[in-house]
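Participant: Model the structure of this input:
(chains A, B, C, D, E and F)
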There are 6 protein chains.
Amino acid sequence: MFSVTVRDHMMIAHSFRGEVFGPAQRLHGATYVVDATFRRPALDDDGIVVDIGRATQELSAVLSELSYRNLDDEPEFAGMNTSTEALARVVADRLAERVTAGALGDGGPGLVSLVVTLHESHVAWASYERSL
Amino acid sequence: MFSVTVRDHMMIAHSFRGEVFGPAQRLHGATYVVDATFRRPALDDDGIVVDIGRATQELSAVLSELSYRNLDDEPEFAGMNTSTEALARVVADRLAERVTAGALGDGGPGLVSLVVTLHESHVAWASYERSL
Amino acid sequence: MFSVTVRDHMMIAHSFRGEVFGPAQRLHGATYVVDATFRRPALDDDGIVVDIGRATQELSAVLSELSYRNLDDEPEFAGMNTSTEALARVVADRLAERVTAGALGDGGPGLVSLVVTLHESHVAWASYERSL
Amino acid sequence: MFSVTVRDHMMIAHSFRGEVFGPAQRLHGATYVVDATFRRPALDDDGIVVDIGRATQELSAVLSELSYRNLDDEPEFAGMNTSTEALARVVADRLAERVTAGALGDGGPGLVSLVVTLHESHVAWASYERSL
Amino acid sequence: MFSVTVRDHMMIAHSFRGEVFGPAQRLHGATYVVDATFRRPALDDDGIVVDIGRATQELSAVLSELSYRNLDDEPEFAGMNTSTEALARVVADRLAERVTAGALGDGGPGLVSLVVTLHESHVAWASYERSL
Amino acid sequence: MFSVTVRDHMMIAHSFRGEVFGPAQRLHGATYVVDATFRRPALDDDGIVVDIGRATQELSAVLSELSYRNLDDEPEFAGMNTSTEALARVVADRLAERVTAGALGDGGPGLVSLVVTLHESHVAWASYERSL
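Facilitator: Predicted coordinates:
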């Protein structure tokens, strides 16, 4: 199995509901350094999994819809905690939609799965893996 | 599949028995930067895999039982080489015991597996993965 | 010249005023991975610059006053942009006050300078250096 | 499952054929920081997956056959794009041959799989995983 | 003293002349992860050293003139070894020209120095520091 | 000013005397990831600060005299705490002796200073800087 990973980041504000979160129930924020991994059992005709330039563009496009925002004000996240792991799924699902819509070109159909990892600090990160 | 990882470290002395280890047969030591990954197919009612604060506390508790010690003097390791990979299993098994005993609260029962990685330097690391 | 550096982090929300900031004028947030460096021309009687444990505690205490907050709501930051570089000075000045007040023990008086670096992402960071 | 990973690097020149590669169609180059992961379900008699020293030597030997070369001039790569992911497979296959030939000693036969990751920058990397 | 650093990268081919370089006399290549640090004794009216977005754009512009090229074919480098440290000076000097020409806006004049670091691998890097 | 840095590591056991060290008074150990920086105001005739290969060899030679040892048993360290910062000076002084003795060849005489940084974990490191 082959994989290619590209990295970018986003910077957001949010708060959490639930006693387990302690001080993180207050409005605060995070930089998420985001890794998106694309998996393919065989290389395409160009000898690649996906073009790294295109993959970077698509990840950047997904993150620009979230970055520099207070997620507590975004209707799409009403009633949910935008935890690191929940946001990993949001990013993965949006990337998957783009792949399905052809954003990665001819190589897209050969992809079998996608992993998105959000690093919230040097000592904590979360991932979501899904099929394509 | 979702995962959350937390990082901490420990500093120990030890020596190895066996010619394959060369100069590492002498008493020496290591800093292990330790990553513990908790996996769950679905998020809990708070929208998380495990609380990062609690996971960090449990990892710290496990490491404090090993850190600042000469492992050659610890009866529990008599007769075994405390290699990086062997210690990864020790840390994973002790974390698993804590999860089973309820240390991570209501979220613990939903966890399906655990990976512990010990980085012994910038150029070598080892992991152990087990189910929960 | 000797130095010792310890690392910790904080997670905050804020917004910026000024067209130069573009989308960062909106309420957003950041994780700052914070490095505090203490400098001393000679080692103390214990053979160290500062005790790493104590230095870590003091840095953690300073960061806990800022973390998990919306800095736009903090009176102390009224009328200023809490840029990465401005926050580096805030953290450095507060650490310096603690050193002067004796928080690092007998070793404190021998320190000559302090550098605080805040990493806002994997591709951008800022520092402030001051004498002690 | 246990794993051990060792890291090294190589520095090569090459060019790509195909419009998808844009400016990378020109002769350019890359440093690849290379991680090789060896997996084993159980530890060997010495309590390890592989000896880290031996694994490092074998990885270094494989990389020295590629490093400081223009891959466009190497007959073995004629007609293929030496993409990061394609090179990950080359390194993995050559390591696998060495393992099969006994380069890792008695521990080799117990290994079940191998993953090779090539980091081409701080924001992109690729992997190839295969069984042994 | 304040500083702000931004990171980007470039990928080039080149060769070295001189026996000291051993196998690096052959045509090979490198990824350089490039950090550019801007220093200023006081913050500007916006409370910053330089706008991180603008600094990133200028660094990217400088690197795009070098990246995806065989430096042996560039007339500007005829007769010189494009070592990591020599390229650090090239990047620093080109950034300095842009700052002097007003590329960083009103904040540029307050800058006093510039450091450029090129990381050629996980185990080697080089820097050049100059005044502005 | 130019600089070149090379990285290697060593693994040692030791203990500390003094109440300030708490549990680190027990025999324990550390991996030190070691960075050695060589500074020169101008490049030599080959266009470099020092040859990275030679610098790496010299650093490796110095570290091999310390690694895989219990520093408490080494007569040269009798009566001193082998703290991270104290060991940074030991490594720097030994490298300086080698430079003075001609180990870096013709380039050595042009060097003006040396910095050695020892990383004891992902959250703490120490440096020593000296002239040459």
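Participant: Identify each buried residue in the helix or strand hosting residue A:61, please.
Facilitator: Using DSSP states H and E, residue A:61 maps to helix A:52-64. The neighbour-count check on helix A:52-64 (16 or more other CB atoms under 10 Å in any protein chain shown) flags A:52, A:54-59, A:62-63 as buried. All C-beta spots, glycine's among them, are computed from the backbone N, C-alpha and C.
Participant: Give me the residues contacting it.
Facilitator: A:4, A:6, A:8-10, A:34, A:36, A:38, A:91, A:94-95, A:98-99, A:103-105, D:20, D:22, D:84, D:120, D:123-124 (CB atoms under 8 Å, 6 or more residues apart in numbering or on different chains).
Participant: how about a cut-off of 6 Å?
Facilitator: By CB atoms under 6 Å, 6 or more residues apart in numbering or on different chains, the residues outside helix A:52-64 that reach it are A:6, A:8, A:10, A:36, A:91, A:94-95, A:98, A:103-104, D:124.
Participant: Filter those residues down to the ones in strands?
Facilitator: Judged by DSSP state E, the contacts of helix A:52-64 include A:6, A:8, A:10, A:36, D:124 as members of strands.
Participant: Next, format the residues you listed as CSV and append pLDDT, distance to residue E:70 and neighbour count.
Facilitator: Putting the ones in strands among the contacts of helix A:52-64 into CSV (pLDDT from 0 to 100; distance: CB to CB, whole Å; neighbours: other CB atoms under 10 Å in any protein chain shown) gives the following:
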residue, pLDDT, distance to residue E:70, neighbour count
A:6, 98, 25, 24
A:8, 98, 29, 23
A:10, 98, 36, 25
A:36, 98, 31, 24
D:124, 98, 21, 20
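Participant: Can you tell me who residue A:5 pairs with across the strands?
Facilitator: Beta-bridge partners for residue A:5, by DSSP bridges, are residue A:37, residue D:125.
Participant: what's near enough to touch it?
Facilitator: A:35, A:37, D:125.
Participant: Return the distance of the last one relative to chain B.
Facilitator: It stands for residue D:125. Going from residue D:125 to chain B by CB to the nearest CB, to the nearest Å gives 16 Å.
Participant: Could you check how far residue A:13 is from chain E?
Facilitator: 18 Å.
Participant: and if you look at residue A:125?
Facilitator: For residue A:125 relative to chain E (CB to the nearest CB), the value is 19 Å.
Participant: Wait, that residue touches residue A:119, no?
Facilitator: Yes: the criterion here is CB atoms under 6 Å, and residue A:125 meets it with residue A:119 at 4.2 Å.
Participant: Spell out which residues of chain A are next to chain E.
Facilitator: By CB under 6 Å from any CB of the partner chain, no part of chain A sits against chain E.
Participant: Find the centremost residue of chain A, please.
Facilitator: Centroid check for chain A by CA atoms, centre = their mean gives residue A:91 as the closest residue, at 3.1 Å.
Participant: How confident was the prediction at the nearest residue to that residue once chain neighbours are set aside?
Facilitator: The shortest distance from residue A:91 to any non-neighbouring residue, by CB to CB, 6 or more residues apart in numbering or on different chains, is to residue A:116 (4.7 Å). Residue A:116 carries a pLDDT value of 98.
Participant: Make sure residue A:116 is indeed in a strand.
Facilitator: Yes: checked against DSSP: H, G, I helix; E, B strand; the rest coil, residue A:116 lies within a strand.
Participant: quick one, what contacts residue A:81?
Facilitator: Contacts of residue A:81 (CB under 6 Å, 6+ apart): A:16, B:47.
Participant: Now do it against residue A:31, distance only.
Facilitator: According to CB to CB, to the nearest Å, residue A:81 and residue A:31 sit 18 Å apart.
Participant: OK, contacts around the closest residue to chain C within chain A?
Facilitator: In chain A, the residue that lies nearest chain C is residue A:29 (1.1 Å; CB to the nearest CB). Counting by CB under 6 Å, 6+ apart, residue A:29 touches A:13, C:12-13, C:29-30.
Participant: The longest helix seen in chain A - contacts with which helices or strands?
Facilitator: The longest helix of chain A (DSSP state H) is helix A:84-100. In terms of contacts (3 or more CB pairs under 6 Å, 6 or more residues apart in numbering or on different chains; DSSP states H and E), helix A:84-100 is packed against helix A:52-64, strand A:113-121, strand A:124-131.
Participant: Save the ones you listed as JSON lines, and put in distance to residue E:48 too.
Facilitator: Formatted as JSON lines, those follow (distance: least, CB to CB, whole Å):
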{"stretch": "helix A:52-64", "distance to residue E:48": "22"}
{"stretch": "strand A:113-121", "distance to residue E:48": "23"}
{"stretch": "strand A:124-131", "distance to residue E:48": "28"}
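Participant: And these: which comes nearest residue E:132?
Facilitator: Checking the helices and strands packed on helix A:84-100 against residue E:132 by CB to CB gives helix A:52-64 as the closest, at 31.0 Å.
Participant: can you list the residues that contact the helix or strand just after the closest one?
Facilitator: As assigned by DSSP H and E, the chain's next helix or strand after helix A:52-64 is strand A:69-70. Strand A:69-70 is contacted from outside by A:12-13, C:27, using CB under 6 Å, 6+ apart.
Participant: Check which strands are paired with strand A:69-70 and give the direction for each one.
Facilitator: strand A:2-14 (parallel).
Participant: who are the neighbours in contact with residue A:35?
Facilitator: Per CB under 6 Å, 6+ apart, neighbours of residue A:35: A:5, A:7, A:117.
Participant: Excluding chain neighbours, what is closest to it?
Facilitator: Spatial nearest neighbour of residue A:35, excluding adjacent residues (CB to CB, 6+ apart): residue A:117 at 4.4 Å.
Participant: residues contacting the one you found?
Facilitator: By CB under 6 Å, 6+ apart, the neighbours of residue A:117 are A:35, A:125, A:127.
Participant: make it 8 Å
Facilitator: Residue A:117 neighbours (CB under 8 Å, 6+ apart): A:34-35, A:37, A:88, A:125-127.
Participant: which of those residues sit farthest apart?
Facilitator: Greatest spacing in those, by CB to CB: A:37 and A:126 (14.0 Å).
Participant: Now do the buried residues in stretch A:124-132.
Facilitator: Across stretch A:124-132, burial judged by 16+ other CB under 10 Å covers A:124-129, A:132.
Participant: How much space separates residue A:37 from chain E?
Facilitator: 19 Å.
Participant: Would you check that that residue makes contact with residue A:115?
Facilitator: Yes: with contacts counted by CB atoms under 8 Å, residue A:37 reaches residue A:115, the gap being 4.2 Å.
Participant: Per-residue pLDDT of the residue in chain A positioned nearest to chain B, please?
Facilitator: Here chain A gets closest to chain B at one residue, residue A:81, 3.6 Å apart by CB to the nearest CB. The per-residue pLDDT reported for residue A:81 equals 98.
Participant: Having no further points to raise, I will conclude here.
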